[in-house]
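Trainee: Could you work out the structure for the sequence below:
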Amino acid sequence: MNYLDFLLFPVYVALFYFLFSARRKNYTDPILRHYHKQGFWIKIIAVIGFTFFNTMLSVGDSFLLFFTEGTNICHLIMKDFSQVKWLYLPSAEFDQSLLKNPANLGYLKGENNYMIVRITAMLSFLSFQKYLILNLFFSMLSFSGVWRLYRFFYEQYPHLHKQLAIAILYLPTFVFWSSGILKDPICTGALGWITYALYEAFYKKKDILKNAVIIFIAGYLLYVIKVYILISYVPFFMLFLVLKNVNLIKSRLLRVTFVLGLIFLAMAMFGTVMQQLAGTLGAYGGNDVTKNISIYQKAYAEQEDVGSSFSLGVEYDGSVSSLIKIAPAAIIATLYRPFIWESKKISTLLSSIESMVIMFFTLSVFYKAGPKGFIRPILKDPTVMYCLLFAILFALFVGATTANFGTLVRYKIPCMPFYIIAIFLIQDWAKRNKKSPAVGGAL
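Mentor: Residues are numbered from 1 along each chain as shown. Below you'll find the model as predicted:
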């Protein structure tokens, strides 16, 4: 970075503020206007923190890979317009000899990495190839979708606007890791857009064509960048859409069967994707989901910093019974680790404090609601059910396949808002039922 980054940054912030404020004027609800404005400025602050962290404290893929090679492609196009082909050709055809940093050799062969480089290159034409400004663009792309996610939940639970803001707009690691040139901002933004568009199209039956386009674009980005998010999320959101209409499934047995079927479907789809992706990690092979989890554990352990590695404390041999044994440890690792004493780097300290707060909050809600009061809303409220099922399944596979805290704190962020929202909804359910035992659920 240089002085031009800091001179241009206020200008671009003003431009984005103008764009978002113009949109905000359409909101008649003062609560939405309040949180939209707050969320915007929180993202601006996060961009500055993210940029400082990735240039001064811990230089990683954001700067060394995505920014370096993205701006490099931009420069190549500016010198020779025929090089524009690198913006639409598949990653496998990219000429590795054109890499700016030889250390990145091989990283752009994967379409998921190349997509971020491609987006960075395109945005470079609008940002003078400045790292701080590009981080701002990525942050705003994320915010546009995250805000849609907030609106989706707010529409159903307007009385919980503060709690929803804490889970979606204020959550430190979620905000931080979606505020710069990484895969996470695109994925969190796409996740918010696809949620809102699916709800508008399939539940409200509104703007079908427009929402179909949004679903296609957001779905495509998730498919290319992090397909496991798409595969673990969509089945449970479809469950939510079905259960929203209570007339479709009145039978408790049918409802349970349907839920279990979706869980097994999601796990089968997860296994298929992991089997396809296993080849990208080296000369590994696998025939099912349990074997591929073992593959990923070994691969990440070899690729990541040993000092940040951790163990689940459970022996894993690739069998189904072993997967069942490892599941609790994997889920706990994703949702509540790293623990404070396990944080050896600044990059994991923020996450460890946040994880500790989330763990104590969960235990507090469970204690006050009681086992029955904690489980009942999961079975009764389709929103709680879908949020918790997605969070737990996602946590299982992230925790089981990731053996490094530095990776874990980034990989887990898509499921954390949904988990926290589920706990807030259980807390709200328990409070309402204490006041009025006759209060029923959505189903």
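Trainee: Run through the residues that contact Phe50.
Mentor: Going by CB atoms under 8 Å, 6 or more residues apart in numbering, Phe50 touches 62, 135, 139, 176-177, 179-180. In short, each C-beta sits where N, CA and C put it, glycine included.
Trainee: Going through the residues you listed, which ones are buried?
Mentor: With neighbours counted by 16 or more other CB atoms under 10 Å, those contain buried members at 62, 135, 139, 176-177, 179-180.
Trainee: just checking, next helix/strand downstream of the helix or strand where Pro328 lies?
Mentor: Using DSSP states H and E, Pro328 sits within helix 320-336. Using DSSP H and E, the helix or strand that follows helix 320-336 towards the C-terminus is helix 346-380.
Trainee: What residues of that following helix count as buried?
Mentor: Under the neighbour-count criterion of 16+ other CB under 10 Å, helix 346-380 has 347-348, 350-352, 354-355, 358, 362, 365-366, 369, 373-374, 376-378 buried.
Trainee: Where does the prediction get shaky in the stretch 301-443 of the chain?
Mentor: By pLDDT under 70, the low-scoring segments of the stretch 301-443 of the chain are 301-311, 313-320, 322, 347, 435-443.
Trainee: tell me the contacts of Ala103?
Mentor: Contacts of Ala103 (CB under 8 Å, 6+ apart): Leu64.
Trainee: Which pLDDT value does the model give it?
Mentor: Per-residue confidence (pLDDT) for Ala103: 89.
Trainee: and it, how far is that from Trp86?
Mentor: From Ala103 across to Trp86, the span is 19 Å (CB to CB, to the nearest Å).
Trainee: now swap in Thr55 and tell me
Mentor: For Thr55, the distance to Trp86 - CB to CB - is 25 Å.
Trainee: Give me the more crowded residue out of those two.
Mentor: In this view Thr55 and Trp86 are compared by other CB atoms under 10 Å, and Trp86 has more residues nearby, 23 against 17.
Trainee: Now the more buried one. Nearest residue, chain neighbours left out?
Mentor: Computed as CB to CB, 6 or more residues apart in numbering, the closest residue to Trp86 that is not its neighbour in sequence is Ile73, at 5.2 Å.
Trainee: number of nearby residues for that neighbour?
Mentor: 25.
Trainee: closest to Val227 among the contacts of Phe50?
Mentor: Of all the contacts of Phe50, Trp177 has the smallest distance to Val227: 19.0 Å, by CB to CB.
Trainee: which residues does the closest one contact?
Mentor: For Trp177, the contact set (CB under 8 Å, 6+ apart) comprises 50, 184, 409-410, 413.
Trainee: any idea of the pLDDT on the closest residue in space to Phe94 that isn't next to it in sequence?
Mentor: The shortest distance from Phe94 to any non-neighbouring residue, by CB to CB, 6+ apart, is to Leu108 (5.4 Å). As predicted, Leu108 sits at a pLDDT of 90.
Trainee: One more: Ile229?
Mentor: Looking at Ile229, its pLDDT reads 89.
Trainee: Against Gly49, how distant is it?
Mentor: 24 Å.
Trainee: do the same with Ala400
Mentor: Ala400 is 30 Å from Gly49, where distance means CB to CB.
Trainee: Same drill for those two, tell me which one is more crowded.
Mentor: Legend: neighbour count by other CB under 10 Å for Ala400 and Gly49, higher for Ala400 (26 against 15).
Trainee: if we can go back for a sec, in helices, which of the contacts of Trp177 fall?
Mentor: Taking DSSP state H as the definition of helices, these contribute 50, 184, 409-410.
Trainee: Quick check: the farthest pair among the residues you listed?
Mentor: Farthest apart among these by CB to CB are Phe50 and Val409. That separation is 13.4 Å.
Trainee: so what are the domain limits for the protein?
Mentor: Using automatic domain parsing, the domain ranges for the chain come out as 1-225, 246-443.
Trainee: Now render these as JSON lines, adding distance to Pro235.
Mentor: JSON lines is the format used below for the domains of the chain (distance: least, CB to CB, whole Å):
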{"stretch": "domain 1-225", "distance to Pro235": "12"}
{"stretch": "domain 246-443", "distance to Pro235": "5"}
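Trainee: so which of these gets nearest Phe240?
Mentor: That would be domain 246-443 among the domains of the chain, by CB to CB, at 3.7 Å.
Trainee: what about the nearest residue to Val365 once chain neighbours are set aside, neighbour count?
Mentor: Closest residue to Val365 apart from its sequence neighbours, by CB to CB, 6+ apart: Gln427 at 4.7 Å. Residues lying near Gln427 (other CB under 10 Å) number 22.
Trainee: Counting by contacts, list what the helix or strand hosting Gln427 packs against.
Mentor: Per DSSP H and E: Gln427 is located in helix 416-435. Applying 3 or more CB pairs under 8 Å, 6 or more residues apart in numbering; DSSP states H and E, one finds that helix 416-435 contacts helix 161-168, helix 172-176, helix 346-380, helix 382-401.
Trainee: Spit out the contact partners of the residue nearest to Phe94.
Mentor: Going by CB under 8 Å, 6+ apart, Leu108 touches 69, 91, 94, 96, 99, 114, 117.
Trainee: helices and strands around the helix or strand hosting Ile133, which ones?
Mentor: Element membership for Ile133 (DSSP H and E) is helix 131-156. Counting by 3+ CB pairs under 8 Å, 6+ apart, the packing neighbours recorded for helix 131-156 are helix 3-24, helix 30-52, helix 111-127, helix 161-168, helix 183-202.
Trainee: any idea of the mean pLDDT for that helix?
Mentor: The average pLDDT within helix 131-156 is 96.
Trainee: If we go by neighbour counts, what in that helix is buried?
Mentor: For helix 131-156, the neighbour count (16+ other CB under 10 Å) marks 131-143, 145-154 as buried.
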